[in-house]
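Participant: Take this sequence and fold it.
(4 chains)
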There are 2 protein chains.
Amino acid sequence: MFSKACEYGLKAMISISAKSSRGERTNLKEIAGDIDSPEQFTAKVLQQLSRNKLIHSVQGAYGGFEIPKDKLSKIRLIDIVRTIDGEKIFTGCGLGLEACDANRPCPIHHKFAEIRNNLAKVLNETSLEELATGVTGGLTFLHR
Amino acid sequence: MFSKACEYGLKAMISISAKSSRGERTNLKEIAGDIDSPEQFTAKVLQQLSRNKLIHSVQGAYGGFEIPKDKLSKIRLIDIVRTIDGEKIFTGCGLGLEACDANRPCPIHHKFAEIRNNLAKVLNETSLEELATGVTGGLTFLHR
DNA sequence: CAAAACTCGGATAAAATTATCCGAGTTAAC
DNA sequence: GTTAACTCGGATAATTTTATCCGAGTTTTG
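Facilitator: You can find the predicted model right below:
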């Protein structure tokens, strides 16, 4: 469904959110520990998220990553997925056709439009805040 | 969503179905032409489908691939996806956790279970015959 | 039986994705 | 101002996926 990079990105964002909602800043090592991901690869993903203003990075000692509290309810999963995996998952043809639309649909176009729209809807409706709350409350988990 | 191999497999199966429903046998070159795919890579996918009894292969001159007519309405997209991409797309965690279930769910577990179930439902309900009819009637297309 | 038209399957190559290495820059504490 | 704890980013390596090569076997036709 999502690339590994995107999976790490989503988990990292949720981990950062949980900390940020308590006013804590976290860092690469802590994040990678929380989500059980390769540190350096995760660093690349965090850089990408930082460049796209989804998180705020602070260099130097006691630095790390954080998300301003007022943003927690505004960032949605779809923003993260868009940043890392792009639009393809939302608009791409289920059979990989370069051009596939209502005018010249692939055999599964209509059935898949519905599934993709539903995915987009869920990702669009789900805020980071909501998911961070679940993790903080011990109801959901970011690693096995 | 699906791997390239699976995309080619699905398109190839639809192409073969369209021919088989008219009693025609087709072959690798024709299939790759129909679905605009790399010939040799498509050959590997067809071998896999053949070994798993989803299509029947005939060697030698005038050989090729075909699907017995009585199977056309029985083969569903889910059979093809299972053969090529496996179960992961149906059961795997949206965030890539090794273990993710109702007991120890990832933050998006419940929302994604619904999407995946819907995908499985669509793939399970869609027969090859149905899709081949659309292509034969010029309503849907297997290449750009 | 020779030639042509096919599939089969092992081997290799190319490309994309995932993962790691490491030197450099930034900041806080002492 | 030195050290420790960080992020940044270019370079490289490993792995997986996608694509191609090619010799061998099968079958039909003439």
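Participant: Residues of chain A that sit close to DNA strand C?
Facilitator: A:3-5, A:8, A:37-41, A:43-44, A:58-63 (Cβ under 7 Å from any atom of the strand). For the C-beta atoms, the positions are set from N, CA and C on the backbone; glycine is no exception.
Participant: out of these, who's near chain B?
Facilitator: The subset of the residues of chain A next to DNA strand C within reach of chain B, by Cβ under 8 Å from any Cβ of the partner chain, is residue A:4.
Participant: List buried residues within the residues of chain A next to DNA strand C.
Facilitator: Of all the residues of chain A next to DNA strand C considered here, the ones buried according to neighbour count by 16 or more other Cβ atoms under 10 Å in any protein chain shown are A:5, A:8, A:37.
Participant: just checking, which of these belong to strands?
Facilitator: Secondary structure defined by DSSP state E assigns none of those to strands.
Participant: Please narrow those residues to those residing in helices.
Facilitator: The helices, defined by DSSP state H, take in A:5, A:8 from those.
Participant: Chain B: which of the buried ones among the residues of chain A next to DNA strand C is nearest?
Facilitator: For chain B, the closest of these turns out to be residue A:8, at 8.1 Å, with distances computed as Cβ to the nearest Cβ.
Participant: For residue A:114, give me phi and psi.
Facilitator: Taking degrees, to the nearest 10, you get phi -60, psi -50 for the backbone angles of residue A:114.
Participant: likewise residue A:66?
Facilitator: Residue torsions, per degrees, to the nearest 10, at residue A:66 are phi -160, psi 160.
Participant: For it, give the beta-bridge partners.
Facilitator: On the basis of DSSP bridges, residue A:66 takes part in beta bridges with residue A:56.
Participant: Which residues are in contact with it?
Facilitator: By Cβ atoms under 8 Å, 6 or more residues apart in numbering or on different chains, the contact set of residue A:66 is A:16, A:19-20, A:24-26, A:55-56, A:58.
Participant: Looking at those residues, which is nearest residue B:100?
Facilitator: Nearest to residue B:100 among the contacts of residue A:66, counting by Cβ to Cβ, is residue A:16 at 20.4 Å.
Participant: from what I can see the closest one touches residue A:55, true?
Facilitator: Yes - using Cβ atoms under 8 Å, residue A:16 is in contact with residue A:55, at 6.0 Å.
Participant: Might you report the residue contacts of residue A:15?
Facilitator: With contact taken as Cβ under 8 Å, 6+ apart, residue A:15 is in contact with A:26, A:31, A:34-35, A:135, A:142.
Participant: and those, which of them are in helices?
Facilitator: Among the contacts of residue A:15, DSSP H puts A:31, A:34-35, A:135 in helices.
Participant: restrict those residues to contacts with chain B.
Facilitator: Checked against chain B using Cβ under 8 Å from any Cβ, the ones in helices among the contacts of residue A:15 give the following subset in range: residue A:135.
Participant: possible to save the ones in helices among the contacts of residue A:15 as JSON lines with pLDDT and neighbour count?
Facilitator: Below are the ones in helices among the contacts of residue A:15 laid out as JSON lines (pLDDT from 0 to 100; neighbours: other Cβ atoms under 10 Å in any protein chain shown):
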{"residue": "A:31", "pLDDT": "98", "neighbour count": "25"}
{"residue": "A:34", "pLDDT": "98", "neighbour count": "19"}
{"residue": "A:35", "pLDDT": "98", "neighbour count": "23"}
{"residue": "A:135", "pLDDT": "98", "neighbour count": "19"}
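Participant: Now for the nearest residue to residue A:19 once chain neighbours are set aside, how many residues are close by?
Facilitator: With Cβ to Cβ, 6 or more residues apart in numbering or on different chains as the measure, residue A:26 is the residue that lies nearest to residue A:19, at 4.4 Å, once sequence neighbours are left out. Around residue A:26 sit 20 other residues, with neighbours defined as other Cβ atoms under 10 Å in any protein chain shown.
Participant: Show me what residue A:26 is bridged to.
Facilitator: Taking DSSP bridges, one obtains residue A:65 as the residues bridged to residue A:26.
Participant: which residues in chain A form helices?
Facilitator: Listed from the start of the chain, chain A has helices (DSSP H) covering A:4-20, A:28-35, A:39-51, A:77-85, A:88-91, A:109-125, A:128-136.
Participant: List the buried residues in stretch A:82-98.
Facilitator: A:82-85, A:89-90, A:92-97.
Participant: Redo these as a markdown table? Include distance to DNA strand D and pLDDT.
Facilitator: Listed next are those as a markdown table, based on distance: Cβ to the nearest atom of the strand, whole Å; pLDDT from 0 to 100:
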| residue | distance to DNA strand D | pLDDT |
| --- | --- | --- |
| A:82 | 19 | 98 |
| A:83 | 14 | 98 |
| A:84 | 15 | 98 |
| A:85 | 14 | 98 |
| A:89 | 14 | 96 |
| A:90 | 19 | 96 |
| A:92 | 13 | 96 |
| A:93 | 14 | 97 |
| A:94 | 14 | 97 |
| A:95 | 13 | 98 |
| A:96 | 9 | 97 |
| A:97 | 13 | 97 |
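Participant: Since that was my last question, I'll sign off now.
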